[in-house]
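>>> okay, structure incoming, though there's no sequence with it:
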């Protein structure tokens, strides 16, 4: 993997990644002309016992681009610079212009609950220069590179003393609020382990202590033995609708043997994980013959210097559709009580996706 | 409060509530002609440590009503019965035809994770016979009656040995997935205390043990002392945007002095709570001069026979809009990490709602 580290005039970092050497004379454009002012803060929610982040400047953007302007495409018109230079590279990562978390945060306002600077980082990951591609259409070697990029970002961000947890994710589709269709994801680096992965790690650790077995590895073996909900089963990686799915078309993608994070993936496991991911993405798009929206999140071990023998790297997909033309809204029981109601069995939804024939070599 | 208890032919309960005597000869219609088959089940999510409920028959509804058919209106055409009889009453409560939880649940399927019958109840609460009304347009005495109805349902459901927690809520607006515009809410009665109220109760209990003070009562006093985010302040009740809001227009409505549930509300507190609620609803609708969508949830103490000196009855509103024309989507950080990012300060959003003048006597 080739890497070129650049700095934008507004102070933000840009890192280019490629399977081929990168022209070292490339420079980093920015649609933003002034130095960046990012000062989000955290407030403590006393009844939920969790931090909320506030970044009110996010509504204050003044830049008015032409309608065809795509800030994630390589710059073609120097009068209207995008976030990225023209040149040959595969994946680009840069600091979000309107971050919810920033290492530059300082002096949080005082209020009736505890506040803190919202230390952390929010990065944008542009998956490819091709605005018309999706993750599903990228070749396997490109997906493998993306896993290496996520490993590198996890290492870079996780090595900062303020950072405890690194979450790569992709929001895809207007149904989940995405207005920019250039294929991209985000990385949030948190100053604490957030509630969901914290709970996961606690469950995994309790199981490990009780049984000596990593929880998700054991569940994956049970899913493979059952076979009923499997979408992909390779030598090293698997994709399946879990028996405990909260969303009708929820899919998990994971190495079969426990690996704690992207940085620990062996090349042959990474390659098979790319096949498992691409199989899932192609089945999603193939099922209704249209681009399938989702939230995809990749969970890995906290970056707190501990070994985490309980953590098992995996992706979870939360798709907003429950049938071809009906969205699953999160409402009373999900949002107010925290209990999900799924009106479909994963065994049944698995059949829909199992029936889609795909060619990951394409 | 007058009550008439009825039974539908399909076995479901219907209870009518009114400020006036109810004609005892009323009978309970049903759009459903066959006995109801409701057999949802629970599955354990091993990594989140929570139960998911599955009710796959929810997609199997065969009833094809005429387009103008409103199942929540009083029946006018006996050939097309609705859920409710014609007659004079204020509020009606009946068992949901497609419940996510049912006391009739039995023999859950076996799979690779633990399963249980999804014991519990899902009720529909029709707020008024008037299809064109909303909670905001109902008179104060009608809202007071609704609080009494919720108290009665909490008592009836909570007295069943299977039930541990009763949650009244309203999903309002197409933006939160509601297709039926007749004013109505729902009640979920759970066989356990679900994750969100469980966490709340743990936080409240820890604070009570540490300080001797109920947590929310203390926070409400601080909100009143600050005044910055208050929408309504009566002798007994308050409405405010909490300093720890997760949604831009999040509002909490509560008695000022701790009351653990609807059943414990004194008449004068109930009356003031109705004013606090109606003030909030009218301000919401007045702000953009259009019906304001939201999820409204009422949290009260678990129904487990304990005293719960930590629990403080209150409503939380989760509105989907962050500005007049922009929805707040729950995406990567909210759903995958569980950390909310709010791009507005509650102090600022409070100004928008404080500026709306309302008349709760109307």
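Thanks, I have the structure now. Just so we're clear, the structure is a prediction, and the values are computed from it rather than from any experiment.
>>> which residues does residue A:280 contact?
A:231-232, A:239, A:251, A:253, A:317 (CB atoms under 8 Å, 6 or more residues apart in numbering or on different chains). Any C-beta I mention is one placed from the backbone N, CA and C, and that applies to glycine too.
>>> skip the chain neighbours and tell me the closest residue to it.
residue A:239 (4.6 Å; CB to CB, 6 or more residues apart in numbering or on different chains).
>>> burial count for the closest residue to chain B within the stretch 201-350 of chain A?
With CB to the nearest CB, the shortest gap between the stretch 201-350 of chain A and chain B falls at residue A:329, namely 2.9 Å. Residues near residue A:329, counting by other CB atoms under 10 Å in any protein chain shown, number 18.
>>> OK, contacts around it?
So residue A:329 contacts B:171, B:176-177 (CB under 8 Å, 6+ apart).
>>> now tell me which helix or strand of chain A has the poorest mean pLDDT.
strand A:326-327 (a mean of 90; mean pLDDT, DSSP states H and E).
>>> neighbour-wise, which of the contacts of residue A:329 leads?
Neighbour max across these (other CB under 10 Å) = residue B:171, 25 neighbours.
>>> could you check how far the nearest residue to residue A:72 once chain neighbours are set aside is from residue B:191?
Once flanking residues are discounted, residue A:72 sits nearest to residue A:182: 3.8 Å by CB to CB, 6+ apart. For residue A:182, the distance to residue B:191 equals 47 Å [CB to CB, to the nearest Å].
>>> the residue nearest to residue A:280 contacts residue A:256, correct?
No - using CB atoms under 8 Å, residue A:239 makes no contact with residue A:256, being 10.8 Å away.
>>> which one's more surrounded, those two?
Neighbours were counted for residue A:239 and for residue A:256 using other CB under 10 Å; residue A:239 has more, 27 against 20.
>>> A strand includes the more buried one, no?
Yes - looking at residue A:239 with DSSP: H, G, I helix; E, B strand; the rest coil, it is inside a strand.
>>> that one: what's it in contact with?
Residue A:239 neighbours (CB under 8 Å, 6+ apart): A:230-232, A:251-253, A:276-277, A:279-280.
>>> can you pull out the helices in chain A?
A:140-158, A:195-211, A:215-226, A:267-287, A:346-354 (DSSP state H).
>>> the last one and chain B, are they touching?
Yes - using CB under 8 Å from any CB of the partner chain, helix A:346-354 comes into contact with chain B via residue A:348.
>>> I'd like to check the angle between that helix and helix A:267-287, please.
90 degrees (axes from the mean of the first three to the mean of the last three CA atoms, to 10 degrees).
>>> helices or strands up against helix A:346-354?
Where contact means 3 or more CB pairs under 8 Å, 6 or more residues apart in numbering or on different chains; DSSP states H and E, helix A:346-354 is packed against strand A:230-233, helix A:267-287.
>>> and it, what's its mean pLDDT?
Averaged across helix A:346-354, the pLDDT comes to 97.
>>> still on that earlier bit, got phi/psi on the residue of the stretch 201-350 of chain A closest to chain B?
Backbone torsions of residue A:329, given as degrees, to the nearest 10, read phi -90, psi 140.
>>> if I look at it, how far off is residue B:175?
9 Å.
>>> same check, this time on residue A:113
For residue A:113, the distance to residue B:175 - CB to CB - is 29 Å.
>>> near chain B, which residues of the stretch 251-362 of chain A show up?
Near chain B, when you scan the stretch 251-362 of chain A using CB under 8 Å from any CB, you find A:295, A:297, A:299, A:316, A:318, A:323, A:327, A:329-333, A:335-345, A:348.
>>> which of these are buried? Put it as a ChimeraX command.
A single ChimeraX command selects the buried members of these (16 or more other CB atoms under 10 Å in any protein chain shown):
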select /A:295,297,299,316,318,329,330,331,332,333,335,336,337,338,339,340,341,342,343,344,345
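>>> of the contacts of residue A:280 - the most surrounded one?
residue A:251 (31 neighbours).
>>> distance check, it against residue A:168.
16 Å.
>>> swap in residue A:330?
Relative to residue A:168, and taking CB to CB, residue A:330 is found at 22 Å.
>>> what's the answer for residue A:83, then?
Residue A:83 is 18 Å from residue A:168, by CB to CB.
>>> again, but for residue A:147
Taking CB to CB, one finds residue A:147 at 9 Å from residue A:168.
>>> ok, these two, which is more surrounded?
residue A:168 (27 against 21).
>>> contact partners for residue A:48?
Per CB under 8 Å, 6+ apart, neighbours of residue A:48: B:196, B:199-200, B:203.
>>> go ahead and flag the most central residue of chain A.
residue A:169 (1.1 Å; CA atoms, centre = their mean).
>>> can you tell me which residues contact the residue nearest to that residue when sequence neighbours are not counted?
Nearest residue to residue A:169 in three dimensions, chain neighbours excluded: residue B:332, at 3.9 Å (CB to CB, 6+ apart). Taking CB under 8 Å, 6+ apart as the criterion, residue B:332 is in contact with A:167, A:169-171, A:186, A:188, A:295, A:297.
>>> looking at the residues you listed, which are in strands?
A:167, A:169-171, A:186, A:188, A:295, A:297 (DSSP state E).
>>> now the residues you listed as a markdown table including pLDDT and distance to residue B:20?
Formatted as a markdown table, the ones in strands among the contacts of residue B:332 follow (pLDDT from 0 to 100; distance: CB to CB, whole Å):
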| residue | pLDDT | distance to residue B:20 |
| --- | --- | --- |
| A:167 | 98 | 56 |
| A:169 | 98 | 55 |
| A:170 | 98 | 57 |
| A:171 | 96 | 52 |
| A:186 | 98 | 57 |
| A:188 | 98 | 56 |
| A:295 | 97 | 50 |
| A:297 | 98 | 54 |
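>>> closest one of those to residue A:120?
residue A:188 (6.9 Å; CB to CB).
>>> ok, the closest one touching residue A:99?
No - Residue A:188 lies out of contact with residue A:99 (CB under 8 Å); the separation is 9.0 Å.
>>> any common contacting residues for these two?
In contact with both residue A:188 and residue A:99: A:120-122, using CB under 8 Å, 6+ apart.
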